[in-house]
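Colleague: quick one: sequence plus predicted model below, questions after.
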Amino acid sequence: MSKYKIFVSGVQKELKQERRAIKDFIINDALLSEYFDVFLFEDAPAKSKPAEKSYLKEVKKSDIYMGLLGIKYGSSVKSKISPTKAEFCEARKLHKTILFYIKGENGANDKKREEGVQKLIKEVKDSKSGFSYKRFTDAGNLTRLVYASMIEFLKEKGIVGRGAFDERICVDAALDDIDEEKVRWFVRAARNARKFPLDINTPIRDVLTHLNLLREGKLTNAAILLFGKNPHRFFLQAEVKCIQLPGTEVHKPFPSYKVYSDNLFEQVDKSVGFVLDIIKQAVIQQEHTPQFKRPFEIPVFAIEEAIVNAVAHRNYNVTSGVQVMVFTDRVEVWNSGSLPPELTIEDLKKPHTSFPANP
């Protein structure tokens, strides 16, 4: 199928970083890149045609008009409107999907904007217009909002389901792709830890049904990630890369480098083991006994928590996986996850609602 085309509009000089961030984010996202192409005027080859005719032609060819508003209105000749306004008018005339993103946390900043921008914001915010607009603070916040908007667009088109990634049906997966021994192991562990109600000999399909890992009788992505014999066959991004560094900076050669692509339980266990094999252990003589204590320099629970969170809360729609980097002075755990569009960094410092990426 042909991809939906996004036309990104906004003052190039002022919003250069934000414009580039949108395109880079979409083309590097495993899901969005499958359905969307992004047009940036600065990426287009030089042409002999006047710029105005060129960008209006691109608006006509697009499916989605994405407008970015900052402080500057943009260059305009007397009696003429700015390129951003002209592109917006063209998109509205052609009944394109119109999305606006306004830089600045609240309305107080709107008074600092140039007059043309203030008028455009007022027009966009008019409840009768029916346009969608959101405010953003930086490029990271912007891409999260764009992601949410694009997913909503795909939902409206019936291309993606209403569920999160882990709830979606895993296409082409069958019960034979489930590791029965891993399911039995889980049931046994769950019965010991929290009185799991099912017996160890319960049929595999019944266990998966109880765990809500079937949808319409078919395996979900979560079922394959948790209990699949070979999750990597379905999800190349489902892996953890563990790297030992020789110092405090990233330098090659790496003393040790492992990639774990088993089910999520194995990924976590092996990644934690990788770290524990490298970090130091103290030798502490206990008082009044010949025995010694051997605590790790970083508490084991802290390492487990960091890796579990990275694996559980990552964005499985993008191609990058989880990365664990063990330096001589620290351990860094990275993933492709990000804050949901409903939250900011400041929200994390106070009581807030939970918005899990993979419920």
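Modeller: Alright, I've got the coordinates.

Colleague: now the end-to-end length of stretch 296-303.
Modeller: Using Cα to Cα, to the nearest Å, the end-to-end distance of stretch 296-303 comes out at 10 Å.

Colleague: give me the residue ranges of the protein where confidence is low.
Modeller: Along the chain, the model assigns pLDDT under 70 to residues 1, 46-52, 76-79, 107-108, 127-128, 158, 161-163, 319, 337-342, 356-359.

Colleague: got the domain boundaries for it?
Modeller: Following automatic domain parsing, the chain resolves into domains at 4-156, 165-234, 240-349.

Colleague: between those domains, which one is nearest to residue 355?
Modeller: domain 240-349 (4.0 Å; Cβ to Cβ). For glycine as for every other residue, the C-beta is placed from the backbone atoms N, C-alpha and C.

Colleague: work out the gap between the closest one and the centre of the chain.
Modeller: Distance, stretch centre to chain centre, for domain 240-349: 20 Å (Cα atoms, centre = their mean, to the nearest Å).

Colleague: one more: stretch 87-99?
Modeller: The chain centre lies 28 Å from the centre of stretch 87-99; the measure is Cα atoms, centre = their mean.

Colleague: how about the domains of the chain in a markdown table, adding mean neighbour count and distance to residue 355?
Modeller: Converted to a markdown table, those look like this (neighbours: other Cβ atoms under 10 Å; distance: least, Cβ to Cβ, whole Å):
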| stretch | mean neighbour count | distance to residue 355 |
| --- | --- | --- |
| domain 4-156 | 17 | 11 |
| domain 165-234 | 16 | 14 |
| domain 240-349 | 15 | 4 |
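
Colleague: tell me the SS of residue 134?
Modeller: Under DSSP: H, G, I helix; E, B strand; the rest coil, residue 134 falls in the strand class.

Colleague: that one pairs with what?
Modeller: Beta-bridge partners recorded for residue 134 (DSSP bridges): residue 101.

Colleague: now do the contacts for it.
Modeller: Taking Cβ atoms under 8 Å, 6 or more residues apart in numbering, we find residue 134 in contact with 100, 101, 102, 145, 149, 341.

Colleague: without its sequence neighbours, what residue ends up closest to the first one?
Modeller: The shortest distance from residue 100 to any residue other than its chain neighbours is 3.9 Å, reached at residue 133 (Cβ to Cβ, 6 or more residues apart in numbering).

Colleague: isn't the one you found right next to residue 101, touching?
Modeller: Yes. Residue 133 is within contact range of residue 101, at 7.2 Å (criterion: Cβ atoms under 8 Å).

Colleague: against which helices or strands is the helix or strand harbouring residue 124 packed?
Modeller: Residue 124 belongs to helix 115-125 when assigned by DSSP states H and E. Packing partners of helix 115-125 (3 or more Cβ pairs under 8 Å, 6 or more residues apart in numbering; DSSP states H and E): strand 64-69, helix 83-93, strand 97-103.
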